[in-house]
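Undergrad: Below are the sequence and a predicted model for it; my questions follow.
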Amino acid sequence: MKKNFIYALVGCLAFSLAACSDDPLDATSKHVYGPDENPYLKTDLAATISTTQEFPVQRIDVAQEIKLADYADVFHAQLGMTVDEAVNAMSNGSVVFYPINVNLGQWMRNTAPTKGTHGWHFNSAGGLCDASSAAYSVEFDAAKKAVVVSCNPNIPLGGPYTFNVGFAIDNGYNFDDHVRISNSFVVTDPSKIVTNVTLAAADWAAGYIEFANYKDAIETCMGMTLAEFNEAANSNYDGPMALYLVDANGTWDPNWEATDAYYTANGLGYWLTSKSTPVAWAGDDMTYYIETYDGGIAFGRASGSAYNGKTIPVRFVYTMKDDHSRYIEFIVSVVME
């Protein structure tokens, strides 16, 4: 009996020593993160919203938004809140918004905002930085209920550029109940369309470029639907759109004016010389024309053209008169059979 008592006493002593261990593996509850610590990121695919964006370089100054309303179901499932409730809860700190470092697996709670109240600047490698070395910024706009992504005008073409930010319930212990936004975007230059058109060896022979073949580029660069673009391009010289010729150096024709006196063919169009400069009807070296029509661009030869077997390059842009950052450029090889 005495022997059994000794064994029991030794067992209890061993258990008590184990319970007092400093080894974190022996912990029986989660670590409570203090105000000076960055909480760990709990991996949860159901809580992660993956988004992609494309920034055309000619409209690089136009910010893009990730609207929370588009992911209301995720907010409800992960936070138990509507989007409005989550945004309102930010005012008392019960819901927080921070950048996330996925390599460290941490919420960057102790990195103060560098843009506005809820925004940070990022360098091209995706690291947090100050405004002077930023490639882009990410900011939560409570009024818009959107995460706003803005690019520095000097951000290099390409990518992908990435960031992770998130909303979390601050329960005083961790950020396990959260919604994470994992975004990837690229900077592109879809504004230049390189193509060709062939004109048969016959008087007034015509060829066409269809706008629909370049729908994605047009809508991206012009910030409008293909139908809206087509309508504006066919609204004649007094409409909202203009057609510039572009020289070999990429300079838009400085002599352009929004009057029908400058256009020498129908609508937004020109009769051109063999060097692709504007010429009046029946003028010297009148070689071919370009004209905007419903759905595209028409090309046609003049009668008796002397340029059979030649290829004539021409460049031109469609742009909005009140916003030259919205444009699409065509670089066309006109093949004279």
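TA: Nice, thanks for sending it over.
Undergrad: what ranges of this structure fall below the confidence cut-off?
TA: Scanning the chain for pLDDT under 70 picks out 1-30, 33-34, 254-261.
Undergrad: the longest strand in it is where?
TA: Identified as the longest strand of the chain according to DSSP state E is strand 323-336.
Undergrad: list the buried ones in that one?
TA: 326, 327, 328, 329, 330, 331, 332, 334, 335, 336 (16 or more other CB atoms under 10 Å). No exception for glycine: its C-beta is placed from N, CA and C like everyone else's.
Undergrad: Kindly report the same for stretch 143-150.
TA: For stretch 143-150, a neighbour-count test (16+ other CB under 10 Å) marks 146, 147, 148, 149, 150 as buried.
Undergrad: and that stretch, how far from the chain's centre?
TA: Chain-centre distance of stretch 143-150: 13 Å, with CA atoms, centre = their mean, to the nearest Å.
Undergrad: What are the contacting residues of it?
TA: With contacts defined as CB atoms under 8 Å, 6 or more residues apart in numbering, stretch 143-150 is touched by 53, 63-69, 83-84, 87, 119, 136-141, 163, 165, 181, 183, 185.
Undergrad: Could you give me the PyMOL syntax to select whichever of those residues are buried?
TA: Buried members of the contacts of stretch 143-150 can be picked out in PyMOL with the line below, counting by 16+ other CB under 10 Å:
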select buried, resi 53+64+66+68+83+87+119+136+137+138+139+140+141+163+165+181+183+185
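Undergrad: Strands - which of the contacts of stretch 143-150 land there?
TA: Per DSSP E, the subset of the contacts of stretch 143-150 in strands is 53, 64-67, 119, 136-141, 163, 165, 181, 183, 185.
Undergrad: What ranges does the stretch 1-150 of the chain have for its strands?
TA: Counting by DSSP state E, counting those that start in this stretch, the stretch 1-150 of the chain has strands at residues 48-56, 64-67, 95-101, 106-107, 119-122, 128-129, 136-141, 146-151.
Undergrad: Domain parsing of this structure, as residue ranges.
TA: If you go by automatic domain parsing, the domain ranges for the chain are 31-188, 192-336.
Undergrad: Could you measure from residue 253 over to residue 272?
TA: 12 Å (CB to CB, to the nearest Å).
Undergrad: These two: who's more crowded?
TA: Taking neighbours as other CB atoms under 10 Å, residue 253 and residue 272 compare with residue 272 leading, 25 against 17.
Undergrad: what's the spacing between the more buried one and residue 321?
TA: Taken as CB to CB, the span from residue 272 to residue 321 is 22 Å.
Undergrad: How about residue 215?
TA: As judged by CB to CB, residue 215 and residue 321 stand 23 Å apart.
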